[in-house]
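Asks: Sequence first, then the predicted structure, then my questions.
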Amino acid sequence: MRPQTVSLRIKLNRVPRPATSNNNMAEKLAPEKRHSFFHGSQKVFEWDQTLEEVNIYITIPPNVPSKLFHCKIQSKHVEVGIKGNPPYLNHDLSSPVKTDSSFWTIEDDTMHITLQKRDKGQTWSSPILGQGQLDPHAADLEQKRLMLQRFQVENPGFDFSQAQFTGNCPDPRTFMGGIKSD
């Protein structure tokens, strides 16, 4: 098996060490926009991801008290709905999650579900197994962004926000010995 060759063009800027500098770098590498999952012409939810989590955003109907909503997160399944009604979302997840670190909240008109990835650094093509997959170009961009997030986490004194990959991007979980455990 030949070693994997990756070309990464980076202009590294050493950043000052104030406490906020690392947060600012992380914000620069955060998802720029959410992906949308449609069923027919209806938007079911939006989602994004980081190295450690997948976030699902569902617009909730008006005039329904928030205490009537429920969300059940299992290792490989999620169910969302209004109590006493059939579930709005009842699907297997693309990959397993850590249920003890996953949670949901409702703020304003949005239910926000945070799924903690069991495999940190794994690039998800969709939160829902077999549905709404990102196209290959979008999936590649997502993997590149996660790889840069990994570099930023591992090298907090540098700014990777302007770095660019040329060619195929390696898997952030396994590249150069893999992600360091917490």
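Replies: Good, I have the coordinates.
Asks: which residues are contacting the biggest strand by length in the chain?
Replies: Criterion DSSP state E: the longest strand present in the chain is strand 97-107. By C-beta atoms under 8 Å, 6 or more residues apart in numbering, the residues outside strand 97-107 that reach it are 54, 60, 66, 69, 71, 73-76, 111-118. C-beta coordinates here come from the backbone N, C-alpha and C atoms, glycine included.
Asks: Could you rerun that using 10 Å?
Replies: Outside strand 97-107, the residues that touch it by C-beta atoms under 10 Å, 6 or more residues apart in numbering are 52-54, 56, 58, 60, 66-67, 69-78, 80, 93, 111-120, 127.
Asks: Narrow the residues you listed to those that are buried.
Replies: Buried members of the contacts of strand 97-107, counted by 16 or more other C-beta atoms under 10 Å: 52-54, 56, 58, 60, 69, 71, 73, 78, 80, 93, 111, 113-118, 120, 127.
Asks: For this protein, just list every one of the helices.
Replies: 19-28, 136-154 (DSSP state H).
Asks: show me the residues around the residue nearest in space to the middle of the chain that make contact.
Replies: What sits nearest the mean C-alpha location of the chain, by C-alpha atoms, centre = their mean, is residue 49, with 1.0 Å. The contact partners of residue 49, by C-beta under 10 Å, 6+ apart, come to 31, 34-35, 55-56, 115, 117, 122-124, 127, 142, 145-146, 149.
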